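Colleague: here is my input; please provide its structure:
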Amino acid sequence: MQIFTIEKNEFLTYRNVKGYYHQYYTGFRNEGNPDFVNILKNTFNSESVEKLNNAKGEVINALQLDIPNIIQENKLSNCMCICVPRAKALNTYSGRQLLFKDAVSIVSRRLVNVIDGTSCIIRTENTKTTHLKNTTLENDGEMPYIGITNDTCYIDTNTIQGKNIILIDDIYTKSVNIDEDCIQALFDNGAKNVIFYSIGYTRRL
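Modeller: Residues are numbered from 1 along each chain as shown. Prediction:
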């Protein structure tokens, strides 16, 4: 696990935020890349149950290794794990496309003194899926803009308020700003502190 800083910008105006990642993401099928996160997205809803279960297991293993270390290193209490929501409205996905969220929920419930907050941010309106290119799959909705999380999601303010939050995503890519906007939304809705974690951190080769 490596540490980095998510710096303030027009999407994240509150302050710099500490981030962690499990490994570099260098592109699907590149040597050493965590391809399991691509499989678990199951964008076209075509992955086999076996592949999905194996990929989910990889995510669970990474989370179980890293999240306790983040909590210990930052001396977190009253800690909640929340997922960055997928780009489309939650009700447009099948259960087999929501297994990353399931993995985070499973690990949150296994860990002592950790709250499962995977239902605290729910996408209710479609946004553009930023990683989709050269596909016939419908990709409606807005590209990331300042405040898109607050505008297109249900956020459980009462549950988030006053909590130390670990915000979890599958891949972090600097300049996309979805994660930055989601962090700002958490602060806007009363989070005490936010630490970011992703399985993959995009490194350009």
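
Colleague: rest of the way, CA atoms for contacts and neighbours
Modeller: Noted.

Colleague: from residue 199, how far off is the residue nearest to the spatial centre of the chain?
Modeller: Note on the chain: the residue nearest the mean C-alpha position is residue 169, at 1.9 Å, using C-alpha atoms, centre = their mean. With distances taken as C-alpha to C-alpha, to the nearest Å, residue 169 is found 7 Å from residue 199.

Colleague: what of residue 176?
Modeller: Residue 176 is 16 Å from residue 199, by C-alpha to C-alpha.

Colleague: and these two? which has more neighbours close in?
Modeller: For residue 176 and residue 199, the more surrounded residue by other C-alpha atoms under 10 Å is residue 199, and the numbers stand at 25 against 14.

Colleague: I'd say the more buried one and residue 104 touch.
Modeller: No: the criterion here is C-alpha atoms under 8 Å, and residue 199 misses it with residue 104 at 11.3 Å.

Colleague: return the residues in contact with the residue nearest to the centre of the chain.
Modeller: Residue 169 makes contacts with 83-84, 179, 197-199, as judged by C-alpha atoms under 8 Å, 6 or more residues apart in numbering.

Colleague: ends of stretch 156-168, what's the gap?
Modeller: 17 Å.

Colleague: buried residues, it. List them.
Modeller: 157, 160-168 (16 or more other C-alpha atoms under 10 Å).

Colleague: how far is that stretch from where the chain is centred?
Modeller: A distance of 14 Å separates the centroid of the chain from that of stretch 156-168, by C-alpha atoms, centre = their mean, to the nearest Å.

Colleague: contact partners of it?
Modeller: Against stretch 156-168 from outside (C-alpha under 8 Å, 6+ apart): 76-84, 104, 120-121, 183, 186, 189-198.

Colleague: show the buried residues in those.
Modeller: By 16+ other C-alpha under 10 Å, the contacts of stretch 156-168 give 76, 79-84, 104, 120-121, 183, 186, 189, 191, 193-198 as buried.

Colleague: can you get me a residue count around residue 139?
Modeller: Neighbours of residue 139 (other C-alpha under 10 Å): 16.

Colleague: list the contacts of the closest residue to it other than its chain neighbours.
Modeller: Spatial nearest neighbour of residue 139, excluding adjacent residues (C-alpha to C-alpha, 6 or more residues apart in numbering): residue 128 at 5.9 Å. Contact analysis of residue 128 by C-alpha under 8 Å, 6+ apart lists 87-88, 139-144.

Colleague: just residue 177 next, same as before
Modeller: Residue 177 touches 11, 144, counting by C-alpha under 8 Å, 6+ apart.

Colleague: the nearest residue to residue 192 once chain neighbours are set aside and residue 75, how far apart?
Modeller: Spatially, and ignoring its direct neighbours in sequence, residue 192 is nearest to residue 162 (4.7 Å; C-alpha to C-alpha, 6+ apart). In this structure, residue 162 and residue 75 are 16 Å apart, going by C-alpha to C-alpha.

Colleague: what about the strands in this protein?
Modeller: Using DSSP state E, the strands assigned to the chain run over residues 2-6, 17-25, 79-83, 114-116, 121-123, 153-155, 164-172, 193-202.
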